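Chemist: here is a sequence together with a model predicted from it:
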Amino acid sequence: MTRLEKAVAKLSDKLGEWVRHAWDAANYLNTWGFHEAKLDPDAIKRRLPSVRKLLEFAREVIRA
C-alpha cells in the first residue's frame, strides 16, 4: 500500500467513506480522463461533484 493510499484510508476512517469514494473518482478521472483520454464529457461530469466536495473540504481544513 502506498503512502497516499494509507492517507486516504486514514482520512476515510475518520471522516467517512465519502472521502475514499471522492478520491477514487478523482484518481479515475486523472487516469482515464487525463492520461488515457478515454472518458467522454458525461463520464467526467458524473464524477465532478464528489471531487469538488473533497476539494472544498480540503480548502476549509487548510483555512482553519
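Modeler: Nice, thanks for sending it over.

Chemist: gap between the nearest residue to residue 44 once chain neighbours are set aside and residue 62?
Modeler: By the measure of Cβ to Cβ, 6 or more residues apart in numbering, the closest residue to residue 44 outside its immediate chain neighbours is residue 33, 5.6 Å from it. All C-beta spots, glycine's among them, are computed from the backbone N, C-alpha and C. Shown here: residue 33 relative to residue 62, a distance of 25 Å by Cβ to Cβ, to the nearest Å.

Chemist: repeat that for residue 21.
Modeler: Residue 21 is 21 Å from residue 62, where distance means Cβ to Cβ.

Chemist: mind checking which of those two has more residues around it?
Modeler: In this view residue 21 and residue 62 are compared by other Cβ atoms under 10 Å, and residue 21 has more residues nearby, 16 against 7.

Chemist: now do the contacts for that one.
Modeler: With contacts defined as Cβ atoms under 8 Å, 6 or more residues apart in numbering, residue 21 is in contact with residue 50.

Chemist: so it, which state does it fall into?
Modeler: Three-state call for residue 21 (DSSP: H, G, I helix; E, B strand; the rest coil): helix.

Chemist: okay, it: pLDDT?
Modeler: Looking at residue 21, its pLDDT reads 96.

Chemist: same check, this time on residue 3
Modeler: pLDDT, residue 3: 96.
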